[in-house]
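Visitor: This is a predicted model, with the sequence first.
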Amino acid sequence: MHLHLEPTLAEGIDLQQFDAKTRRKLADKRRMAFRRAIERYSEEQQLARESYDFYWDEPGTSRH
């Protein structure tokens with residue numbers, strides 16, 4: 001699995017050309033994109049674990 005990060009304005013742009021408020025806003029936007037990606041990854045991992053447990057806990061299936 002891979003993490004999909006949403007593109008932000010901060011990527012590939014010299015942030016020094018913006019005022020402090022805009023730099024903070026861009027940094028917050030980037031931070032939230034990372035946070036969403038981490039949450040999405042965590043949810044995918046949980047779903048994979050639950051799916052695995054569900055499959056192997058079904059009657060007639062064997063882990064061996």
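Guide: All right, it came through fine. Residues are numbered from 1 along each chain as shown.

Visitor: Would you map the helices across the chain?
Guide: Secondary structure of the chain by DSSP state H: the helices cover 20-56.

Visitor: pLDDT weak spots in it?
Guide: Counting by pLDDT under 70, the chain has low-confidence residues at 1-13, 58-64.

Visitor: again, only this time at 80
Guide: 1-15, 53-64 (pLDDT under 80).

Visitor: Pretty sure residue 27 is one of the things residue 18 touches, is it not?
Guide: No: using CB atoms under 8 Å, residue 18 is not in contact with residue 27; the gap is 10.3 Å. Heads up, the C-betas are built off the backbone N, CA and C, glycines and all.
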